[in-house]
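Q: Kindly generate the corresponding structure for this input.
(chains A and B)
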There are 2 protein chains.
Amino acid sequence: MGSTLSRRIFLGVLLAGGCSVGSASALAQTDPLPSWNDGPVKKSITDFVPRVTTPGSADFVPVPERIATFDNDGTLWAEQPIYFQVLFAFDRVKVLAPQHPEWKTKPPFKFVLAGDFKGLAAAGEKALFEIMRVTHTGMSTEDFAKDVTQWITTAKHPRFDRLYTDLVYQPMLELLAHLRANGFKTFIVSGGTIEFMRTWTDRVYGIPPEQVVGSSFATQYQFNGGNPRLMRDPKIDFIDDKTGKPVGIDRFIGRRPVFAFGNSDGDQQMLEWTAGGGGARFMGLVHHTDAVREWAYDRNSHVGRLDKALDEANARGWTVVDMKRDWKVIFPFEK
Amino acid sequence: MGSTLSRRIFLGVLLAGGCSVGSASALAQTDPLPSWNDGPVKKSITDFVPRVTTPGSADFVPVPERIATFDNDGTLWAEQPIYFQVLFAFDRVKVLAPQHPEWKTKPPFKFVLAGDFKGLAAAGEKALFEIMRVTHTGMSTEDFAKDVTQWITTAKHPRFDRLYTDLVYQPMLELLAHLRANGFKTFIVSGGTIEFMRTWTDRVYGIPPEQVVGSSFATQYQFNGGNPRLMRDPKIDFIDDKTGKPVGIDRFIGRRPVFAFGNSDGDQQMLEWTAGGGGARFMGLVHHTDAVREWAYDRNSHVGRLDKALDEANARGWTVVDMKRDWKVIFPFEK
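A: The predicted model follows:
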């Protein structure tokens, strides 16, 4: 793998997906967004929705055109200390290690097994791809889905000691439900791989597999003795990040979003593409500003960097959520 | 372009998409499939649907899992004398010719302009790709959609002197509507390019853009002075044919179909993949047997060849529609 590809893998694969619990049906009847504090950010949403859904409104958008796209990592669920899909890969290395005794002394696996993340970081992107390769490819799509399901239903986040799907953002669950209640079709458009997300997005976000857009490894069809399988190849098929997001939206959805939410520079082009559609459009960014309840990071973060997109949002008047100020509750378990 | 790629392009691009009119809401209330003659084929459908949709049935399939996939060319609309997307390309060459006076003497364009299809066929797949390149790439996605819309709403089929969208199969319109009325989500899975189909599939089949899976050219995001565009590149991104169909289904839909219909060897793997899912599954093929009302072709056809898939269907007991015997009406305009 060349270094450009490795870099693409790093960028792409390190943007994963996932999330949580919290019954969206338990929302207050009067306020569809009870976990959002009153203020201009909440108002930008509660003004926008009726503007595009009220028949006769100048900005009315017919139901089939009500496409809403959401980034996943850092937008729908947390992404620190590193994208959860990478933590899944690390945990898989540990599970697979007994079958590979040589990994104890062999980089990059030895770094993962020893918890030496500095060593791993120093080994570079090629090392990370090697870890992705052994944990994400070489098996059938069904076996991979089982691996993910096993992990997502048992593994705990080191800081919160909770399932990763507990670390979804309650305000965003409410927003997803509010949009759907108003005729929007909600999609994930993530740099994480599609197959990592699809096993649980319906249960956690109410977003079914066919509405998950993401990066992907290539698959190959095999037909052995009447038993068809799709085998996962160690070859990147598509990187759904940065300029890849409008490309992925066009390819998978074929309509331009009316509403889009992200949290990092990887989402900038998705928001630009949404804004460029003419008519009423909503562009939003989650700004991680709450070091106590969640994390505070932006321009210099190694994960979910928010720099140029923040400048563009400010310049163009896009909605920027100040997590500390705007979110009454962050995770469903705080309720 | 190497010859393998050219061949892939030929195979992929020559399977396009389209259809027709005929109000699906005007179906008889008692018989959801009035254009199907009674017999084992119609019965295989009318038996299958209640089997998977009746609560308590051993083969019950929950609504979200009711995925139905349909090939397009030769399955939902006609495909003779050649895939309609290729006829679109030929017509575009004629429209663009005044800007390219050199085409009058330059192959492969001169063959198209002179109606010399033998000459074109002799020029091979590379020639065809050249025609696809100038007609399908080099413009923005929006400009391409305009080209398709202009053609699909005005161009006439040489044999029937009707819009290509008039040449959809009435029995399949009824089947699509019947499945949707029973909680199925209907998808197109075609070798034709996604973008050629998406401008009209909703109007004609009731299948929205986000439920159209197909081959695709790569696109590139551009952001010039605040005007984001996706430019179509002369590079094949994905060939959604043969083994590519299960790959495309997995990538775009992420669920295995319960119901699948095709008409050629290009659909064999989609049907195998569907059959391999366990539980009740419906696999169907349209066999073109009516030279009077439509066309009769199968094992030796240059378009929509049905050979190995027919053998597999017979061996495995899949439903094979004998168009002449099973369809009372073929096109909506016969009603």
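Q: so how far is stretch A:187-194 from its chain's centroid?
A: 5 Å (C-alpha atoms, centre = their mean, to the nearest Å).
Q: can it be found next to chain B?
A: Yes - contact of stretch A:187-194 with chain B (C-beta under 8 Å from any C-beta of the partner chain) involves residue A:194. The way it works is simple: take the backbone N, C-alpha and C, and place the C-beta from them, glycine included.
Q: How about that stretch, which residues are buried there?
A: A:187, A:188, A:189, A:190, A:191, A:192, A:193, A:194 (16 or more other C-beta atoms under 10 Å in any protein chain shown).
Q: Helices - which of those residues land there?
A: Under the assignment DSSP state H, the buried residues of stretch A:187-194 contribute residue A:194 to helices.
Q: What is the nearest of the buried residues of stretch A:187-194 to residue B:242?
A: For the buried residues of stretch A:187-194, the minimum distance to residue B:242 (C-beta to C-beta) is 21.9 Å, reached by residue A:194.
Q: low-confidence ranges in the stretch 101-250 of chain A?
A: The model of the stretch 101-250 of chain A has no residue with pLDDT under 70.
Q: quick one: contacts for the residue of it found nearest chain B?
A: Shortest the stretch 101-250 of chain A-to-chain B distance, computed as C-beta to the nearest C-beta: residue-wise this is residue A:209, at 3.2 Å. Contacts for residue A:209 (C-beta atoms under 8 Å, 6 or more residues apart in numbering or on different chains) come out as A:198, A:201, A:202, B:253, B:254, B:255.
Q: still on that earlier bit, spell out which two among the buried residues of stretch A:187-194 are the most distant pair, please.
A: A:187 and A:193 (15.7 Å).
Q: For residue A:119, pull up the helix or strand it's in.
A: helix A:117-136 (DSSP states H and E).
Q: same deal with residue A:230?
A: strand A:227-238.
Q: need the strands for the stretch 51-200 of chain A, in chain order.
A: A:67-70, A:185-193 (DSSP state E, counting those that start in this stretch).
Q: Just want the angle from the longest one to strand A:227-238.
A: Just to be clear, that refers to strand A:185-193. Using axes from the mean of the first three to the mean of the last three C-alpha atoms, to 10 degrees, the direction of strand A:185-193 lies 80 degrees away from that of strand A:227-238.
Q: Buried residues of stretch A:200-219, list them for me.
A: A:200-202, A:204-205, A:207-219.
Q: export that stretch as PDB, just CAs?
A: This file holds the C-alpha atoms of stretch A:200-219, laid out as PDB (Å, rounded to 0.1, in the frame of the first residue of the first chain):
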ATOM      1  CA  TRP A 200     -26.800  -1.200  14.900                       C
ATOM      2  CA  THR A 201     -27.800   2.100  13.400                       C
ATOM      3  CA  ASP A 202     -31.400   1.100  13.000                       C
ATOM      4  CA  ARG A 203     -31.700   0.000  16.700                       C
ATOM      5  CA  VAL A 204     -29.800   3.000  18.000                       C
ATOM      6  CA  TYR A 205     -30.700   5.900  15.700                       C
ATOM      7  CA  GLY A 206     -33.700   4.600  13.800                       C
ATOM      8  CA  ILE A 207     -31.700   4.800  10.600                       C
ATOM      9  CA  PRO A 208     -32.000   1.600   8.600                       C
ATOM     10  CA  PRO A 209     -29.000  -0.100   6.700                       C
ATOM     11  CA  GLU A 210     -30.100   1.300   3.300                       C
ATOM     12  CA  GLN A 211     -29.800   4.900   4.700                       C
ATOM     13  CA  VAL A 212     -26.200   4.500   5.800                       C
ATOM     14  CA  VAL A 213     -23.600   6.000   3.500                       C
ATOM     15  CA  GLY A 214     -19.900   5.500   4.400                       C
ATOM     16  CA  SER A 215     -16.500   4.400   3.400                       C
ATOM     17  CA  SER A 216     -16.100   0.800   2.300                       C
ATOM     18  CA  PHE A 217     -13.800  -2.000   1.600                       C
ATOM     19  CA  ALA A 218     -14.300  -3.900  -1.700                       C
ATOM     20  CA  THR A 219     -16.200  -7.200  -1.500                       C
END
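Q: Could you show which parts of chain A are in contact with chain B?
A: Residues of chain A lying near chain B (C-beta under 8 Å from any C-beta): A:64, A:67, A:141, A:185, A:194-195, A:198, A:202, A:208-212, A:216, A:218-221, A:223, A:226-228, A:230, A:237, A:243-244, A:246-247, A:250-255, A:269, A:272-273, A:275-276.
Q: ok, now which ones touch residue A:152?
A: A:18, A:88, A:163, A:164, A:165, A:199, A:200.
Q: Most neighbours among these, which one?
A: Compared across these, residue A:18 has the highest neighbour count, 31 neighbours, by other C-beta atoms under 10 Å in any protein chain shown.
Q: coming back round to it: and the angle from the strand holding residue A:230 to helix A:117-136?
A: 140 degrees.
Q: hmm, who's touching strand A:227-238?
A: A:5, A:8-9, A:12, A:133, A:136-142, A:144, A:195, A:215-223, A:244, A:248, B:246-247, B:250-251, B:269, B:272-273, B:275-276.
Q: Separate out the buried members of these.
A: A:8-9, A:12, A:133, A:136-137, A:141, A:144, A:195, A:215-219, A:221, A:244, A:248, B:246-247, B:250-251, B:269, B:272-273, B:275.
Q: Among those residues, which lie within strands?
A: A:215, A:216, A:217, A:218, A:219, A:221 (DSSP state E).
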